[in-house]
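Visitor: fold the following for me, if possible:
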Amino acid sequence: MFYIHVIVEEPPKVLYETAINIAHIVENGTFKDLLFEVASDHFLERHILVFGREKKADNWILLQDGLTDYLHALIQLNFKMVRFLLESSKIQKTSPVSLDVNSVLMSNAKRLHLPKKLTRGNSHDRLFNELIDLFEEKKVGWSSGIQDSRGKIFIERLSNAIWYIDPHIKLLQNRACHMPSLFKQLATYKSGFTYNTFYFTSHHKKEKLSQQKLLEYCKLLEYSASEIWASEKCWTEIIPEVFSFTTMIRKYVEHLEKSAQLTYNAHHSTTTVPLEMILTEKDLYEFIEISEFLPSENIERHRWIVELKLSFSICLYRYNQGNYLGSINYAWRIIEFESHNNEHETRNAQTLAAINEKIPQYMTRKMRKTFTNKYSLIKTLNPTILNMLHRDLTGDMSACNTDSKDVQERLQLMLELEDPDIVFDFRTNNGFSGTKFDFFWEELQAFFDENTPAVNDRRHGNILYMPWFVSIRDLQKSIIQRLILRYGDPLPDSICIPSLEWIRLQFWPTNSTVNRAIKYTGKFKIKYQVQSRQLRKFHPDAHYCAAYFRYLREFAILYQEYICFISADDKHKIPIGEKVPTSTGVRNRPSLVPLNNMLSACSFYSGDVYVGYKDTVFESSNAIRHAAEFFQAINQKFSSKIPPILCIYTDGGPDHRTNFGSVQISLISLFFKGDFDMLIAMRTALYHSWANPAERIMSILNLGLQNIALVRNKFSTEYEKIFEQLNTLEDIRKAANNNRNLKKAIQNSITDIKDLLCERTKQLEIKCIDNTLQVNETTWASLKKHDKLMEFLRSHCQQRIYSFQPSCDLCKPVKMPIEEFNSLNFLPDPMPSTDVLYNITDLNHYAPFNSIYGTETNESYCPSLLLNQEEQERGSNGLYTYKKSRGWVECTACGKWRCLYSQYLLSEEEELQWQTALQNNLYTCGGPILAEDHPLYNILFVREHISCNSPIETNYYACENGDKTQLCYWCGTEDDLSDIPSSLTDQYKIVYPCCNTCKELGKDYFTRLEIKVGKNSKKKRREA
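Guide: Residues are numbered from 1 along each chain as shown. Coordinates of the predicted model:
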């Protein structure tokens, strides 16, 4: 498309002003055709002047040929605006500029140009674009032709350098390396923000500034700033600032080099000057330990001692502690060698004796155990105290694993202060004790006083939560805002703001037993922690389903007068004891629960909570039963008038999977039974049942099950004997079907318990679709036989992976007002948002509900479907099963056998074609078995999304066609297979072979289908 801004003016009025697409007339059309497109033939008979310009800031340029000139001139002159001026007596006296095409082209050649802006929309591109805006503001640029080559390279190098140092600007300022004033005028810096926020918000390793990279950026910028274009007059203000920028970077590089050199000297220094000075200050034969003067590396330490040279004589004593503890080195100054006498030997011996008293002693565990056992016979003492006595008496320095470090320090403190009752926490004396930050601490304490902590809405316990801030930085900003509101902006000089680290240390340590806990002051009795529940399993559709649920909530708000919103969830099995009461498993939480109290929730989900209890044996959970419970709850809530729209939100269990036939049938039954105009059923993504609002009430339900033990009523003696012989639920159901009295006895045994909670629900009857449909027909294989049902699903329902929506105005009358029903549409699928400014699709964000409601959408942007399309095999669905396996083919690279699949058995002719192709072609894992032009290419398939590292397909072992050899599941060899242990065959139905070589490499038997029949049978029976 080629849009032009057109103005038709008759001074002093503007008659027409519009933007028009001229792509269809720009080839051969004239300005007369353009005027006709805008104003028809109203002004063609009048004398009209034609002007053009590129942008609003330019002067209008008169086109001499006027209406007869061709529209090609717009492209040649790069005009974006056209003005048709109808002559009249009121036209201004100043005549417009009149230039021919050649003059305008020459003028354009002298104009300055800038590279085009980037449109990807990330922060790095924003920096690039803001540099262009800055250069445009300074009226600099390049001549036509080089702005997209040398000009773009220069701006890219400058933006890359600024992006690299952007997270470290404060660090550079602390080293007196300030950003030139030109670049402080960038829009983001002027607003007080930075560009590279990814450096702080992401979880990657934070790299420090590198000398090599900084020098590389400097050289590239200096090279660009030394080119010919940089000497032009327009760049006289910019280029010096660029060199100031590189000078600033080089200044910091020099600082890094000096720091590195100082660090290197400190680590590799062999100087003996400090040691010589200290020994000179000591008296003769006064020893010191010289470990602090020795290098850290063993070889360097040895070399240092060997090459030690001093201006006086010393004696060096080395004591080897053994094991990994290394040596202790002592040195002392002695008299010169010529003056050695008996006094010297005596003084040396005395020094060695004094050193031996300082050398740490190490006792074995046996010695320490003998000591504690011996003296525990005299006095009964705590083992920790005995260990402390042993350390004091013997000087034992060996590590003691029985006592924690903080316990030893506390005991030592008690002994030194002679106060066994000491309990004071000395951490309150940590840190700065002045009044510099008192204003900040008082405001923070006032905030804590105003905002009372609350319990988590999904838990109950003695922990209170303050979920207002996600980080210390967020807390600091909030308190600063409160101070500004109280004392004004800017804050007075008397109010100082502590650093983030110092704020964090004012809280209570998360673990008071670790060494870092001594740094905390405990000024505020609050811990800063991240809840572990926030760490959940990932599913690619999590964001997609969250957007879908947001659409559902906005849809419910849009039609709130006609909506019934249900959020449902299954709890768990509650054990019921036999003979002996069995606990519900929810304990250690004392609680008081009012009897017959209706539970309710606040905010968006205001309404009643309905709880149902079912018998596991005869009332197993299924989709039909859930639909009946929904209808019963709706009838109880809306006894007189049921809303015309029902929205249901559940987790992804098998009874709520909206793409299952059994679930769709039950929802359609509920749709007709409740006479709804529309029903929307939606589920959460896998592993994300926590997003279901019904989960919020589970903590309250737990209160009703705390400290409770249940026991069933006894049967008669006859039925008790029969019941004791039944091991599984299937056995109980089978026996109850054969013996109605037994079934009744089992049901009556828990009637008293169920009567405390709810009444039994009733099943729905399927009507209005297909009267021949039975309740037990829930699989797609059986449902496809009912044509009327399939037609209803196609014409009246929208089926998605995470939702199912029936709606109909033909089978029954509409309950909603007809104008509201006509505006009703299926809930849209989440679609990516579009940046209107750049016309770019943002795959990381989904469009708002209002922008796509009522439009045609699909599931093409569902992440799991996109992944499946990438990993989807070439054959049809249901092809890659053991029943469709027709043989095997060997990979020429790894030697593993791969299964061949075809929808039907090969004919004799096709079998001959396959054998011929097998002799002429070589197969490798991951590739097609045949060429695309082969007649069997779309008939015979192998799995193409595997590699030589993939194990043998499980279909190989399940297939019964032909003679096959037992192969190792991991490497495919048939030799040296290990015998499968009987413990695995007793535990799993399928155990695949494994060779001894793979077992030596750390691999084990691959198993499937754990055997559960007969395990914990009594426990299952009691949970009935």
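Visitor: use CA for all of it now, contacts and neighbours both
Guide: OK.
Visitor: pLDDT below threshold where in the stretch 451-600 of the chain?
Guide: Along the stretch 451-600 of the chain, the parts satisfying pLDDT under 70 run over 451-470, 512-513, 528-537, 571-600.
Visitor: state the mean pLDDT of stretch 278-287.
Guide: For stretch 278-287, the mean pLDDT works out to 84.
Visitor: how about stretch 1006-1013?
Guide: For stretch 1006-1013, mean pLDDT is 81.
Visitor: likewise for stretch 685-701?
Guide: 76.
Visitor: buried stuff in it?
Guide: 685-686, 688-689, 691-698, 700 (16 or more other CA atoms under 10 Å).
Visitor: just stretch 913-923 next, same as before
Guide: Judged by neighbour count using 16+ other CA under 10 Å, the buried positions of stretch 913-923 are W914, A917, Y923.
Visitor: what about those residues, which are in helices?
Guide: Counting by DSSP state H, the part of these found in helices is W914, A917.
Visitor: could you dump the buried residues of stretch 913-923 into JSON lines with distance to L483 and pLDDT added?
Guide: As requested, the buried residues of stretch 913-923 are exported to JSON lines (distance: CA to CA, whole Å; pLDDT from 0 to 100):
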{"residue": "W914", "distance to L483": "83", "pLDDT": "86"}
{"residue": "A917", "distance to L483": "83", "pLDDT": "85"}
{"residue": "Y923", "distance to L483": "74", "pLDDT": "85"}
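Visitor: of the buried residues of stretch 913-923, closest to I378?
Guide: I378 lies nearest to Y923 out of those, by CA to CA, at 83.6 Å.
Visitor: report how many residues lie close to the closest residue to the closest one other than its chain neighbours.
Guide: Sequence neighbours aside, C891 is the residue nearest to Y923 in space, at 5.4 Å (criterion: CA to CA, 6 or more residues apart in numbering). Per other CA atoms under 10 Å, the neighbour tally for C891 reads 16.
Visitor: in this structure, which helix or strand is least confident?
Guide: strand 600-601 (a mean of 32; mean pLDDT, DSSP states H and E).
Visitor: and after it, which helix or strand comes next?
Guide: Sequence order places strand 607-608 as the next helix or strand after strand 600-601, per DSSP states H and E.
Visitor: quick check: buried residues in the next helix or strand after that following strand?
Guide: Downstream of strand 607-608, the first helix or strand assigned by DSSP H and E is helix 623-637. Residues of helix 623-637 classed as buried by neighbour count (16+ other CA under 10 Å): A623, I624, R625, H626, A627, A628, E629, F630, F631, A633, I634.
Visitor: likewise for stretch 998-1007?
Guide: Buried positions in stretch 998-1007, judged by neighbour count with 16+ other CA under 10 Å: C998, D1004, Y1005.
Visitor: can you check stretch 314-324 too?
Guide: Result for stretch 314-324 [16+ other CA under 10 Å]: buried residues I314.
Visitor: swap in stretch 346-356?
Guide: Residues of stretch 346-356 classed as buried: N348, L352, I355 (neighbour count, 16+ other CA under 10 Å).
Visitor: now do stretch 501-510
Guide: Within stretch 501-510, the residues scored as buried using 16+ other CA under 10 Å are I503, R504, L505, Q506, F507, W508, P509.
Visitor: over to stretch 244-256?
Guide: S244, F245, T246, M248, I249, R250, Y252, V253.
Visitor: any idea how far the last one lies from Y861?
Guide: It stands for V253. 48 Å (CA to CA, to the nearest Å).
Visitor: ok, so of the buried residues of stretch 501-510, who is nearest E54?
Guide: Closest approach between those and E54, by CA to CA: I503, at 56.4 Å.
Visitor: so that closest one belongs to a strand, correct?
Guide: No. With DSSP: H, G, I helix; E, B strand; the rest coil as the criterion, I503 is located in helix rather than a strand.
Visitor: what number of residues lie near the residue nearest to it when sequence neighbours are not counted?
Guide: Among residues not flanking I503 along the chain, I472 sits closest, at 7.4 Å (CA to CA, 6+ apart). Look at I472: counted by other CA under 10 Å, it has 15 neighbours.
Visitor: if we can go back for a sec, how about the buried residues of stretch 913-923 in CSV, adding distance to T751?
Guide: Formatted as CSV, the buried residues of stretch 913-923 follow (distance: CA to CA, whole Å):
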residue, distance to T751
W914, 67
A917, 70
Y923, 66
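Visitor: list the buried ones in the strand or helix carrying H302?
Guide: H302 is part of helix 298-306 when elements are defined by DSSP H and E. For helix 298-306, a neighbour-count test (16+ other CA under 10 Å) marks W304 as buried.
Visitor: show me the contacts for the residue nearest the centre of the chain.
Guide: Nearest to the geometric centre of the chain sits F538, at 7.7 Å (CA atoms, centre = their mean). With contact taken as CA atoms under 8 Å, 6 or more residues apart in numbering, F538 is in contact with Y687.
Visitor: next, the angle from the longest helix seen in the chain to helix 298-306.
Guide: Counting residues, the longest helix found in the chain (DSSP H) is helix 238-268. Calculated by axes from the mean of the first three to the mean of the last three CA atoms, to 10 degrees, helix 238-268 forms an angle of 70 degrees with helix 298-306.
Visitor: averaged pLDDT, helix 238-268. What do you get?
Guide: Looking at helix 238-268 alone, the average pLDDT works out to 82.
Visitor: show me what it is packed against.
Guide: When contacts are defined as 3 or more CA pairs under 8 Å, 6 or more residues apart in numbering; DSSP states H and E, helix 238-268 packs onto helix 211-225.
Visitor: what's the helix or strand for I566?
Guide: Per DSSP H and E: I566 is located in strand 563-567.
Visitor: starting at the chain centroid, how far to that strand?
Guide: Its chain's average C-alpha position is 30 Å from that of strand 563-567, according to CA atoms, centre = their mean, to the nearest Å.
Visitor: show me what that strand is packed up against.
Guide: strand 645-650.
Visitor: quick revisit: got the buried residues of stretch 244-256 as TSV, with distance to D975 columns?
Guide: Formatted as TSV, the buried residues of stretch 244-256 follow (distance: CA to CA, whole Å):
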residue	distance to D975
S244	73
F245	70
T246	68
M248	70
I249	66
R250	67
Y252	66
V253	64
